[in-house]
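Colleague: sequence first, then the predicted structure:
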Amino acid sequence: MKPALQARGLKVALAGRPVLHGIDLSLAAGHWTCVLGPNGAGKSTLLKALAGLLPFEGQVHWQGQALDAIGPRERARQLSWLGQGEPVPEDLPAADVVMLGRLPHQGWWSAASAQDRQGVEAALKATGAWPWRERLMGQLSGGERQRVLLARALAVDAPTLLMDEPLAHLDPPHQVDWLEQVQCLKAQGKTVLAVLHDIGMALQADAVVVMQAGRVLHHGPCADPATQRAIEAVFDQRIAIHPLDGRWVALPRWG
Amino acid sequence: MSASGQSTFKPAWLALLLGSLAMLGLLLGAGAGSTGWQALSHAWSNDAAWQIVRDIRLPRSTGAWLAGALLGLAGALAQGLFRNPLADPFLLGSASGASLAVCLWLSLAGSGALAAQSLLGLTGAAFVGAFGAVLLTVALSRGVQHSLRLLLAGVIVGVVLGALSNWLALLRPDVLQAMQGFLLGSTAFVGWPACLAMALALLAASALAWPLARVLDALSLGEDTARSLGMPLAAARWWLLAAFALATGAAVAQVGLIAFVGLAAPHLVRALVPTGYGWQLPLATLMGAVLLLWADLLARVLMAPQDMPVGVLTAVIGGGYLLLRMSRGSTVSRGLAPSDVGARR
């Protein structure tokens, strides 16, 4: 089976400063992978580079095709990207923001189709944002806005989703909703790559990419002791990963 | 394009309302003047009355409508392009560029009869100045890809060209009064040729901008998100900037520096009908047109038989309105946040 996304010798420099130093990465299709690492490790930059939003050296392939050989519209249909702390249009209703996720599917002059409307409705319902679809973004709380932005990313209906801090501002029930949503996406054969700061949440993924200083230190399944050791090491042994009810949790080490 | 049921219905009503207000304003404009409604009622039987209506009042009102439309469109484009609700048509130095060019023209041609007769030269100079200043801003910011760099370059160009025109006016005090008239903005001397020029500019700018409304919608989610949605940002920015410069240059050339119309029109539209740029651009165009048309009517009757520079009126009314919105914590005050100008990039 072809990997959904593959990077070879991926290097990125921001304002002349090298941020990613030759990353090799292969993401299995239909899997959920989390990127973990301390601040400044290059996680968001990696996501942007894989989405084709930053100039890079090296190679990135999406399902075997070189990323830069795929046209922008086609790429937008195949790769949905959700950034961290991106601006929101305060004066637009939530549903209109989600409809922007359908732009890659719409002709330049055509209006929203029935399929677009169905996609928007499904995405809004999936993130629980349907009840306030007509409210302006400026009237929503941080968590409500984040659910609308998540719906915007889902509305693209891309086979690969790249999400940077999708759980930001979400309360625990909605974080769990997101986990369930990811399971649904996987069941549809979609690939999810997410940057998370909540290690406990990240440990529910199929695999974890552990980054430090612009390099991938480790990439492996969460249950693998080597993965867990890499996570503990990259966070200066300030956390410890333990089993609990057949899952993995991260607890702070102190005292 | 709209997904929330409410915002597909309301924009059409607002467009209809603005269209009706424009028609009413044009009708009143044909009657407003020193001879009042008499000229209009005798227009069919009296050649002189018909001439007053046809050659003075109608072109003035039509010109006010067109200039306001251009400023409303330019304002909506500026606020969309720079994702800043405080952006206005004069953001990229066009006002200072036009002022300097007018000052230069008046200095060279003299402020007397020659300059007055050379209206085409004056408006031509203002257009070249406004358009040239935007080009200079783009050149200084080394392209159009970075919103913040463009804004900073616009501020620099505005300050430097403004200082130059002030210095020039100081050297030639005889042009000061004519310059003051231009700076305050007036629709008093707009004729049919000016209307034709503005109508063509409005058509061209709308034709350039409207197809790119989706790019502006996507840009409202940030540049990276817009690119991730497949939007051709690089090319679209050039076209949108061309439409912006054309609309601003054409309006400034014909009516001078009219304050607040370009800033307030998109705000009013968003306050009445929250919707995407597919509707926002034409509605801001219509709103700007109606605002200036009615401000011009007020300017003609408030101190009749004297004419009040319409720019003074738009500044007072527009400033008051924005102050009101600011005190209510609208996007005007939020516009002061650096995130809205893409400062993070």
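Modeller: Right, received. Where do you want to start? Nothing here was measured: the structure is a model prediction, and the numbers come from that model.

Colleague: where along chain A do the strands fall?
Modeller: For chain A, the strands defined by DSSP state E occupy A:5-14, A:17-27, A:32-36, A:57-62, A:65-66, A:79-82, A:160-164, A:191-195, A:207-212, A:215-221, A:239-244, A:247-252.

Colleague: quick one: end-to-end distance for stretch A:46-66.
Modeller: Length of stretch A:46-66, first residue to last, C-alpha to C-alpha, to the nearest Å: 16 Å.

Colleague: actually, stretch A:197-210.
Modeller: 12 Å.

Colleague: could you do stretch B:252-264 as well?
Modeller: OK, stretch B:252-264 end separation, C-alpha to C-alpha: 17 Å.

Colleague: may I see the buried residues of that stretch?
Modeller: Burial within stretch B:252-264, assessed by neighbour count using 16 or more other C-beta atoms under 10 Å in any protein chain shown, is assigned to B:252-264. Backbone N, C-alpha and C define where each C-beta goes, glycine included.

Colleague: show me what contacts the residue nearest in space to the middle of chain A?
Modeller: In chain A, the centroid-proximal residue (C-alpha atoms, centre = their mean) is residue A:163; its distance is 1.7 Å. Listed by C-beta atoms under 8 Å, 6 or more residues apart in numbering or on different chains, the contact set of residue A:163 reads A:47, A:81, A:82, A:150, A:153, A:192, A:193, A:194, A:195.

Colleague: so which of those are also by chain B?
Modeller: residue A:81 (C-beta under 8 Å from any C-beta of the partner chain).

Colleague: quick check, nearest of the contacts of residue A:163 to residue A:234?
Modeller: residue A:195 (13.8 Å; C-beta to C-beta).

Colleague: residues in contact with that closest one?
Modeller: A:34, A:35, A:43, A:44, A:47, A:84, A:163, A:164, A:165.

Colleague: number of residues surrounding the fourth one?
Modeller: Residue A:44 has 18 neighbouring residues, counting by other C-beta atoms under 10 Å in any protein chain shown.

Colleague: please name the nearest non-neighbouring residue to it.
Modeller: Counting by C-beta to C-beta, 6 or more residues apart in numbering or on different chains, residue A:44 lies nearest to residue A:164, which is 5.2 Å off, once chain neighbours are set aside.

Colleague: low-scoring stretches of the chain, by residue?
Modeller: Just going to use chain A. For chain A, residues meeting the criterion pLDDT under 70 lie at A:1, A:255.

Colleague: please refer instead to chain B.
Modeller: B:1-9, B:32-45, B:48, B:110-120, B:144-145, B:304-305, B:329-345.

Colleague: so is the residue in it that chain A sits nearest to in a helix, a strand, or just coil?
Modeller: Per C-beta to the nearest C-beta, residue B:230 is where chain B lies closest to chain A, at 3.1 Å. Classification of residue B:230 by DSSP: H, G, I helix; E, B strand; the rest coil places it in coil.

Colleague: which residues touch the residue lying closest to it once chain neighbours are set aside?
Modeller: Distance criterion C-beta to C-beta, 6+ apart; nearest residue to residue B:230, sequence neighbours excluded, is residue A:76 at 3.1 Å. Neighbour list for residue A:76: A:103, A:104, A:156, A:158, B:228, B:229, B:230 [criterion: C-beta under 8 Å, 6+ apart].

Colleague: widest-spaced pair of the buried residues of stretch B:252-264?
Modeller: Largest pairwise distance in the buried residues of stretch B:252-264, by C-beta to C-beta, is 21.3 Å, between B:253 and B:264.

Colleague: could you check how many residues crowd around the nearest residue to residue A:23 once chain neighbours are set aside?
Modeller: Leaving aside its sequence neighbours, residue A:23 sits nearest to residue A:10 (C-beta to C-beta, 6+ apart; 4.1 Å). For residue A:10, the count of nearby residues is 23 (other C-beta under 10 Å).

Colleague: how close does residue A:10 sit to residue A:128?
Modeller: Here the criterion is C-beta to C-beta, to the nearest Å. By it, residue A:10 lies 35 Å from residue A:128.

Colleague: and residue A:168, how far is that from residue A:201?
Modeller: Distance from residue A:168 to residue A:201, by C-beta to C-beta: 12 Å.

Colleague: what number of residues are in the vicinity of residue A:74?
Modeller: 14.

Colleague: tell me the contacts of it?
Modeller: With C-beta under 8 Å, 6+ apart, residue A:74 has these contacts: residue B:230.
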